[in-house]
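**Student:** coords below, sequence missing:
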């Protein structure tokens, strides 16, 4: 359908079918929803993030496209919505396997996956996809929590376990020192979890660290650790924001980042040329206020798209 206002196309007006990807497209962004909160419930969190992909999509489609319209209209970048992973009646492990297969296909095609969670356990299938393709990678987790809790009963993953699973792999293509926990909060993370990350030779940037000097400088150092791989997976947990900005999350925190701070980080990563995958997790529509958190999540996707467009222009 043509835009309601041809002079003001919204992101929803730019979505194309996978069969209509322009031949000249240099960047193909593939939206993929994972509507499940099984891992959140296993981790004693608030149910409701299964509804997040639909809420984020609805907000995303209404956003203006001016930050990247030129490269989309030129056919050099396109946005495809591949729909949701089918989750109804499936176990978390089955869903993870399906997400892994879908993300691996996108990466294998040279496209850019944008995963809409769902709980943060969505990170593990994406990590596995990099492993399956035998690509050296780096990871940045923007989060109030470290998400390195042990598996339940030694084999049950949950929303608090994905990065422990990553770090405990017997063989891994994760770049040595290539994992950064960014924005962790002292009131939200256990000392043992901080020690686990550091003992693995990885990096921790506490929220307080970002306030001691310009966040741009702190972020640049963090990105440098992961970007040496040239394949960076960036995961944004919406509880990294202060709850005044993001009330609709699985585990809200009174303190946290402002939208501007995270937006600058995302644009920096996306414009670096090394970003290979992105997700947004733990948004919970059941506790949102006036769609505030869904709009914020959608805006953050818009910042990533703007950064990717920059790499085409430069």
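**Tutor:** Cool, got the structure. Computed from a prediction, not measured in an experiment: that's the story for all the values here.
**Student:** Contacts for the helix or strand hosting residue 261, please.
**Tutor:** Counting by DSSP states H and E, the element that carries residue 261 is helix 259-270. Residues outside helix 259-270 that contact it (CB atoms under 8 Å, 6 or more residues apart in numbering): 140, 142, 182, 210, 215-216, 219-220, 223, 232, 234, 236, 240-241, 245, 275, 278, 296, 299-300, 303-308, 310-311. Every residue, glycine included, has its C-beta placed from N, CA and C.
**Student:** In that helix, which residues are buried?
**Tutor:** Residues 259, 261-270 are the ones in helix 259-270 that count as buried (16 or more other CB atoms under 10 Å).
**Student:** Take these and lay them out in TSV including distance to residue 97.
**Tutor:** Output for those, formatted as TSV (distance: CB to CB, whole Å):
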residue	distance to residue 97
259	34
261	35
262	31
263	33
264	36
265	31
266	29
267	33
268	33
269	28
270	28
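**Student:** and which of those is nearest to residue 290?
**Tutor:** Closest to residue 290 out of the buried residues of helix 259-270 is residue 259 (15.3 Å), distances taken as CB to CB.
**Student:** Check which helices and strands whichever helix or strand comes after the helix holding residue 261 sits against.
**Tutor:** Next helix or strand after helix 259-270 toward the C-terminus (DSSP H and E): strand 275-281. Contacts defined by 3 or more CB pairs under 8 Å, 6 or more residues apart in numbering; DSSP states H and E place strand 275-281 against helix 92-108, strand 112-117, helix 123-132, strand 232-237, helix 259-270, helix 292-313.
**Student:** Show me what the fourth one is packed against.
**Tutor:** Put plainly, it is strand 232-237. The contact analysis (3+ CB pairs under 8 Å, 6+ apart) places strand 232-237 against helix 123-132, strand 137-142, helix 259-270, strand 275-281.
**Student:** quick one: strands adjacent to that strand?
**Tutor:** strand 137-142 (parallel), strand 275-281 (parallel) (DSSP bridges).
**Student:** Check what contacts stretch 203-211 and list those residues.
**Tutor:** With CB under 8 Å, 6+ apart as the test, stretch 203-211 has contacts from 144, 146, 177, 179-186, 194, 197-198, 218-219, 222, 225, 255-257, 261.
**Student:** Derive a ChimeraX selection command for the buried subset of these.
**Tutor:** This is how ChimeraX selects the buried members of these, with burial counted by 16+ other CB under 10 Å:
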select :144,146,179,180,181,182,183,184,185,194,197,218,219,222,225,256,257,261
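**Student:** sorry, back to before: distance between the helix holding residue 261 and the chain's centre?
**Tutor:** Chain-centre distance of helix 259-270: 12 Å, with CA atoms, centre = their mean, to the nearest Å.
**Student:** Report the contact partners of the closest residue to residue 276 other than its chain neighbours.
**Tutor:** Of all residues beyond its chain neighbours, the one nearest residue 276 is residue 231 (4.3 Å), with distances taken as CB to CB, 6 or more residues apart in numbering. Residue 231 makes contacts with 130, 135-138, 274, 276, as judged by CB under 8 Å, 6+ apart.
**Student:** okay if I get the helices and strands packed on strand 232-237 as TSV plus mean pLDDT and distance to residue 159?
**Tutor:** Below are these laid out as TSV (pLDDT from 0 to 100; distance: least, CB to CB, whole Å):
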stretch	mean pLDDT	distance to residue 159
helix 123-132	98	9
strand 137-142	98	12
helix 259-270	98	20
strand 275-281	98	8
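**Student:** could the ones you listed go into CSV alongside distance to residue 163?
**Tutor:** Shown next, in CSV, are the helices and strands packed on strand 232-237 (distance: least, CB to CB, whole Å):
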stretch, distance to residue 163
helix 123-132, 7
strand 137-142, 6
helix 259-270, 18
strand 275-281, 12
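**Student:** Of the ones you listed, give the one that comes closest to residue 17.
**Tutor:** Among those, strand 275-281 comes nearest to residue 17, with 21.4 Å by CB to CB.
**Student:** roughly how far is that closest one from the heart of the chain?
**Tutor:** 3 Å.
**Student:** ok, residue 253 - contacts?
**Tutor:** Each residue near residue 253 by CB under 8 Å, 6+ apart is listed here: 144, 185, 187-188, 239, 242-243.
**Student:** I'd like the distance between it and residue 242.
**Tutor:** Distance, residue 253 to residue 242, by CB to CB, to the nearest Å: 7 Å.
**Student:** try residue 25
**Tutor:** Using CB to CB, one obtains 37 Å as the distance from residue 25 to residue 242.
**Student:** Likewise for residue 175?
**Tutor:** Here residue 175 is placed at a distance of 31 Å from residue 242 (CB to CB).
**Student:** Kindly report the same for residue 223.
**Tutor:** Distance of residue 223 to residue 242, given as CB to CB: 22 Å.
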